[in-house]
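*Asks:* what shape does this take:
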Amino acid sequence: MELNITLFRMINDLGKEHAFLNPLFIFFAEYSMYFLAMAVILFFFTRNGRNRVMVVCAGLTFILAEVVGKLVSKLHTNYQPFAVLDDVNKLIEKDINNSFPSDHTILFFSFCMTFWLFSKSRYRFLWLVVAVLVALSRVGVGVHYPADITVGALISMVVSFIVYKVVPPLPITKRLFHSQASIERTKSKEL
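*Replies:* Okay, here's the model as predicted:
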């Protein structure tokens, strides 16, 4: 627990020492979710079967990782740092409840890790950079400890890898997205 608090102070105090970081912490902690939602919508509606499978796998990963996260939260409880520690650089409003593990981190790592696994781009590492920035920003704004984000990230990474290996090869997945692609090709020929 002492290491967790020490690491929390190191990250959270950055905003006190370097005030220009506070808007970045707030942006990644609160508003990056909208950009993730836009990416999900764009990927799903690109008329590319692989992208649709990727989005479905990311959504399934998030649901399963959240379930695992809720089960893990029954084993360990801690309140947000701003509710327990003095002199926290608290930058956003948050209800006091169990902060273990971080739901935001689970969300971002579920989607970003899945996108990273499916991507063939040489820039695919940016998905993981975004997930890490969001996770660290939750510490920066004072609402999570490093252990909260670490466990959330680990849960999501394990679940996303399992979903990536299991779901795309399933016959039902192939049939569903193959038939969807056939319907779209037929519609586009009619136009």
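*Asks:* just the element for the spatially most central residue of the chain, please.
*Replies:* Closest to where the C-alpha atoms of the chain average out (CA atoms, centre = their mean) is residue 108, at 1.0 Å. Using DSSP states H and E, residue 108 maps to helix 103-118.
*Asks:* averaged pLDDT, that helix. What do you get?
*Replies:* The average pLDDT within helix 103-118 is 97.
*Asks:* what sits up against that helix?
*Replies:* Contact with helix 103-118 is made by 29, 32-33, 36, 39-40, 43, 50-51, 53-54, 57-58, 61-62, 65-66, 69, 124-125, 127-128, 130-131, 134-135, 138, 144, 148-149, 152-153, 155-157, 159-161, 163-164, as judged by CB atoms under 8 Å, 6 or more residues apart in numbering. C-beta here means a position set from N, CA and C on the backbone, and glycine is covered the same way.
*Asks:* let's see that with 6 Å instead.
*Replies:* Applying CB atoms under 6 Å, 6 or more residues apart in numbering, the contact partners of helix 103-118 are 36, 54, 57-58, 61-62, 65-66, 69, 124, 127-128, 130-131, 134-135, 138, 149, 152-153, 156-157, 160, 164.
*Asks:* filter those residues to the buried ones?
*Replies:* For the contacts of helix 103-118, a neighbour count by 16 or more other CB atoms under 10 Å gives the buried set as 36, 54, 57-58, 61-62, 65-66, 69, 127-128, 130-131, 134-135, 138, 149, 152-153, 156-157, 160, 164.
*Asks:* identify each buried residue in stretch 84-93, please.
*Replies:* 85, 88-91.
*Asks:* nope, stretch 94-101 is what I was after
*Replies:* Applying 16+ other CB under 10 Å to stretch 94-101 flags 94, 99-101 as buried.
*Asks:* sounds good, over and out.
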